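Undergrad: have a look; sequence and predicted model below, questions after that.
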Amino acid sequence: MAAEGLEVLLETEEIDAIVDRVAGEISERYDDGVVLVAVLRGSVPFLADLVRAMSIRSVVDFVAITPYTPGTGRVRFLMDITTDLTDRDVLVVEDIVDTGLTSAFLLGELSRRQPESLSICTFVDRPARRVVPVDLDHVGIQIPDEFVIGYGLDHKGRYRNVRVLATADTAVLERDPDAYVQELYGA
């Protein structure tokens, strides 16, 4: 019996197929290589699989930013990249794009570094929550306005390493953050 409010959207094999498709698109587009700028922490599982599936050379770097907090209107770097982006093709790798605020901030900041091109790749696109329009060049899956966990996406730091993508009931998680551990980890 499935845990209350939990529904698996993508199994491991489906995730692998999506990663292979997106890696193929990227490899075809950037035949001379690309700088991948991954947003910590959620993008790490997607980035790791993506890099291994790509057939082109790449440089990987990371940024850590504060989450957008409603009401503050601010996002800031906690950790910046060290790679020179001047005259290079740059692809931002995200786990999820929903409001677009974080992505817009990153595009603005990274464009000041004079890359040859700058685009975004995301595993999950949740356009129903979009506040700022953002062009996404490579999208794994588009979902409705549902809360998802797994494959990099978390609730209070939990479930990032689950090899499925699942919708979850936030009320259940607020009552018990470990409510889905048994179902998703088999523990």
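TA: Arrived safely.
Undergrad: report the strands that pair with the lowest-mean-pLDDT helix or strand in the chain, each with its relative direction.
TA: Ranked by mean pLDDT, DSSP states H and E, the weakest helix or strand in the chain is strand 77-79, scoring a mean of 91. Counting by DSSP bridges, the strands paired with strand 77-79 are strand 58-65 (antiparallel).
Undergrad: next, the buried residues of the strand it pairs with.
TA: Ser58, Val60, Phe62, Val63, Ile65 (16 or more other C-beta atoms under 10 Å). Every residue, glycine included, has its C-beta placed from N, CA and C.
Undergrad: pretty sure the fourth one is touching Thr82, no?
TA: Which is Val63. No. Taking contacts as C-beta atoms under 8 Å, Val63 lies outside contact range of Thr82: 10.3 Å.
Undergrad: list the buried residues of the helix or strand containing Gly24.
TA: Assessed by DSSP states H and E, Gly24 sits inside helix 12-29. Buried residues in helix 12-29, defined by neighbour count with 16+ other C-beta under 10 Å: Ile15, Ile18, Val19, Val22, Ala23, Ile26, Ser27.
Undergrad: next up, the contacts around the second one.
TA: Going back to what we said before, that points to Ile18. Applying C-beta atoms under 8 Å, 6 or more residues apart in numbering, we find Ile18 in contact with Leu10, Phe123, Gly140, Ile141.
Undergrad: now the buried members of the residues you listed.
TA: Leu10, Phe123, Gly140, Ile141.
Undergrad: tell me the angle the helix or strand containing Leu91 makes with strand 58-65.
TA: Element membership for Leu91 (DSSP H and E) is strand 89-97. Comparing the axes of strand 89-97 and strand 58-65 via axes from the mean of the first three to the mean of the last three C-alpha atoms, to 10 degrees yields an angle of 50 degrees.
Undergrad: and the end-to-end length of stretch 32-48?
TA: 20 Å (C-alpha to C-alpha, to the nearest Å).
Undergrad: repeat that for stretch 110-126.
TA: Taking C-alpha to C-alpha, the first and last residues of stretch 110-126 lie 23 Å apart.
Undergrad: residue contacts, the nearest residue in space to Ala53 that is not next to it in sequence?
TA: The spatially closest residue to Ala53, leaving aside those adjacent along the chain, is Ala23, at 3.5 Å (C-beta to C-beta, 6 or more residues apart in numbering). Contact analysis of Ala23 by C-beta under 8 Å, 6+ apart lists Leu50, Ala53, Met54, Ser55.
Undergrad: next: Arg21.
TA: Contacts here follow C-beta under 8 Å, 6+ apart; on that basis Arg21 touches Gly140.
Undergrad: which non-adjacent residue is nearest Thr82?
TA: Leaving out its chain neighbours, the residue that sits closest to Thr82 by C-beta to C-beta, 6+ apart is Asp61, at 6.4 Å.
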